[in-house]
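Novice: sequence first, then the predicted structure, then my questions.
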2 protein chains.
Amino acid sequence: MTPKIARFLATAQPATPCLVVDVDRVEENFHALRRALPLAQIYYAVKANPAAPVLSRLVGLDSHFDAASWEEVAMCLRAGAPATAISFGNTIKKVSAIRSAYAAGVRLYAFDCEEELEKLAENAPGSRVYCRVLVENEGADWPLSRKFGTSVEAAGALMRRAGALGLDPYGLSFHVGSQQRTTVAYEAAIARVGMLFTDLRDSGVDVRMLNLGGGFPVSYREEVPEIDAFGHAIMGAMTRVFGNALPEMIIEPGRFIVGDAGVVSSEVVLVSRRPTPSAPADPPRWVYLDIGRFGGLAETEGEAIRYRIATPHDGGPSGPVTIAGPTCDGADVLYDRAAYRLPLALRGGERVELLATGAYVSTYASQSFNGFAPLAEHYI
Amino acid sequence: MTPKIARFLATAQPATPCLVVDVDRVEENFHALRRALPLAQIYYAVKANPAAPVLSRLVGLDSHFDAASWEEVAMCLRAGAPATAISFGNTIKKVSAIRSAYAAGVRLYAFDCEEELEKLAENAPGSRVYCRVLVENEGADWPLSRKFGTSVEAAGALMRRAGALGLDPYGLSFHVGSQQRTTVAYEAAIARVGMLFTDLRDSGVDVRMLNLGGGFPVSYREEVPEIDAFGHAIMGAMTRVFGNALPEMIIEPGRFIVGDAGVVSSEVVLVSRRPTPSAPADPPRWVYLDIGRFGGLAETEGEAIRYRIATPHDGGPSGPVTIAGPTCDGADVLYDRAAYRLPLALRGGERVELLATGAYVSTYASQSFNGFAPLAEHYI
């Protein structure tokens, strides 16, 4: 938690649940990533947090933007981004969305299959396109495999087809999975997709760009490598494949830019020991918060993303807990098998903070499940 | 799909994705359940679909209401329900929510632990309370186990404590899990909780009500028993335990009342064959819709709830598909292992309908994940 967020929570005491984002930290993260990978153009993954104060700050830093929908394209434009700084990075796009983006001036589109390419040729003629290649997602806490990306073989054919359809076969992309904790995932993907890249170039396709996707991790409960380690590994792999003739490079960070800039403040609704037939003598302790899987913490599905939790009693004696959300839904359990411990002194009515929750929280929140409003947001 | 919904979709051609609910079917379902269990007071589970037209129609039928939050209590009051017809059924309640409900006149509350009981004694003095007992959820497609409910032994002690705290130890409740497809689950739970009920009554606790919860199923892809079968099984079990001295009975249907009254209309965004290393010769077919797990179809998590899907090509040759949502999130896959088949003629741009989607869809929708607005709703 940044000092600015700590001060805000202490003085403003905002109603819970709420998300507080330190926009200065967003800027610091942007600079850190730019330093780690100075040759890569940063396209901020808007879906991680599309709040206007975040987008405006990044526009001021000359960031580019990776949009998942026409609506996200429009958000970037409203924040002052030029259309030329926007990539429509979703491989699954409605025709109406392509048309709107093209009319607004967007000229860079992702695809991974013939059908999408034909939609682009018809509705975004002449645009630069890049083909997403499926790569391994091992090491990622929130993997993306199988839904997106095509094989190396199919990608080659699609890139040639793009040119034939009057599109500009600009580049190739991959994604190693979100919250990717290993640098070797990027190295392996660059080696694999880089070989296709050079093959295409050698065969006369005018491919110029490699999009390395996002996935750069944030320290949640477990520490992750520093961003410089990713920068170093990536540039090493790029040099091994391309030597001095480096292609244009794009990265699409989302989580890394906003994740640790945000904190969710939550009220403990209830602490109870729940008698169970399996452990009658030592009933497990449950802590219920006023935010859960349907209030924004969707990435706790399968206990994939494990946020650090700060309480007023940290340092005191602690014990194992199951942590759940406030709804009547049995699926609304955050952590049961992930061996969380919280202070034994914790009581209903107290406030806790879920750290590094700036990414993939605000927009995921259900609009009103169980009647609960989406969490409030404060950008400071 | 009801004829009224079919007509509306054909003539209005509403923008997709959208939910269309036939409020007359809501009323029919209410009557069917009342006929099947005439001795039970129906408390509609508001969380299944809290839309004002649904609540107003049910108010007109003298339904009671099961609210999961103060916000849901307020929705019922706005729809014209008297406070005396509302149960605050969530066992996890903020103190501020209890106070608001009490001030509004709500006098019926669920609990399942000592801490919650003390909150109720202090903030809703003299109210009728019922203790939720944990029962088996086997046979339910959306089970609720472990997060709610206490042991039979603990419930007995808690009910005595309720009286000592000045609360009215009104009843006991259980929940056999949502989309419960077996009648035996109710029979077993009634036998188990009924024994505690009679023990408590025999020992002088003035317990008068048994709340059987909800869980009554809807026919999705698989057929389920008729509601009369549930009514018959429940009344048989009640008579076996209580003879002629039946307690007051409450049921809390949500899915059964609104589920098959709604249809989601969706656009196919993309149909593609995805080359995979495991099946290079016969690449799997993916169908991407403009609604997914984060657009309202949250109950497809784990492929638990399997909606029937109608297409313009039904009856023609079909083949296996994986069905996914429109977002850039790899977790946004609806059905991959559930052996869905769709017509081979299906193409991007066409409309499909997801049937029996009136429950647990509208409010679950994320407020703007990937920039997509929550699905529109039409009540006809």
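Specialist: Received it, and whenever you're ready, just let me know what you need.

Novice: so who does A:R308 touch?
Specialist: Applying C-beta atoms under 8 Å, 6 or more residues apart in numbering or on different chains to A:R308 gives the contacts A:Y220, A:R221, A:L354, A:L355, A:A356. C-beta coordinates here come from the backbone N, C-alpha and C atoms, glycine included.

Novice: element containing the residue lying closest to the second one once chain neighbours are set aside, please.
Specialist: The one in question is A:R221. Spatial nearest neighbour of A:R221, chain neighbours left out: A:R306 (4.2 Å); criterion: C-beta to C-beta, 6 or more residues apart in numbering or on different chains. Taking DSSP states H and E as the definition, A:R306 sits outside all helices and strands.

Novice: by neighbour count, which of the contacts of A:R308 wins?
Specialist: A:L354 (25 neighbours; other C-beta atoms under 10 Å in any protein chain shown).

Novice: gap between that one and B:H31?
Specialist: Separation of A:L354 from B:H31 (C-beta to C-beta, to the nearest Å): 45 Å.

Novice: can you tell me the SS state at the residue lying closest to A:R347 once chain neighbours are set aside?
Specialist: In this structure, A:R347 finds its nearest non-sequential neighbour in A:V271, 5.9 Å apart by C-beta to C-beta, 6+ apart. Under DSSP: H, G, I helix; E, B strand; the rest coil, the three-state class of A:V271 is strand.

Novice: what residues are bridge-paired with A:V271?
Specialist: Using DSSP bridges, the bridge partners assigned to A:V271 are A:V287.

Novice: that one: neighbouring residues, count only.
Specialist: 20.

Novice: try A:D228
Specialist: Look at A:D228: counted by other C-beta under 10 Å, it has 13 neighbours.

Novice: what do you get for A:R341?
Specialist: 12.

Novice: ditto for A:I42
Specialist: Neighbour tally, A:I42, other C-beta under 10 Å: 23.

Novice: which pLDDT value goes with it?
Specialist: The score at A:I42 is 98. That number is its pLDDT.

Novice: circling back to that earlier point, pretty sure the residue nearest to A:R221 sits against A:L334.
Specialist: No. Contact between A:R306 and A:L334 fails when scored by C-beta atoms under 8 Å: they sit 9.1 Å apart.

Novice: from A:V23, how far off is the residue lying closest to A:I42 once chain neighbours are set aside?
Specialist: Excluding its sequence neighbours, the residue lying closest to A:I42 (C-beta to C-beta, 6+ apart) is A:S63, at 5.4 Å. To A:V23, A:S63 is 13 Å away according to C-beta to C-beta.

Novice: the residue of the stretch 201-350 of chain A found nearest chain B - nearest residue in space that isn't next to it in sequence?
Specialist: When scored by C-beta to the nearest C-beta, the stretch 201-350 of chain A has A:G330 as its residue closest to chain B, at 3.4 Å. In space, and not counting its chain neighbours, A:G330 is closest to B:L144: 3.4 Å by C-beta to C-beta, 6+ apart.

Novice: residues from the stretch 201-350 of chain A in reach of chain B?
Specialist: Selection of the stretch 201-350 of chain A residues close to chain B by C-beta under 8 Å from any C-beta of the partner chain yields A:267, A:269-277, A:280, A:286, A:288, A:290, A:294, A:298, A:301, A:324, A:326-333, A:348-349.

Novice: please repeat the previous calculation with a cut-off of 7 Å.
Specialist: Residues of the stretch 201-350 of chain A lying close to chain B by C-beta under 7 Å from any C-beta of the partner chain are A:267, A:269-272, A:274-275, A:288, A:290, A:294, A:301, A:324, A:326-328, A:330-331, A:333, A:348-349.

Novice: got phi/psi on the nearest residue to A:V26 once chain neighbours are set aside?
Specialist: In space, and not counting its chain neighbours, A:V26 is closest to A:A261: 4.8 Å by C-beta to C-beta, 6+ apart. Note on A:A261: its backbone torsions stand at phi -90, psi 0 [degrees, to the nearest 10].
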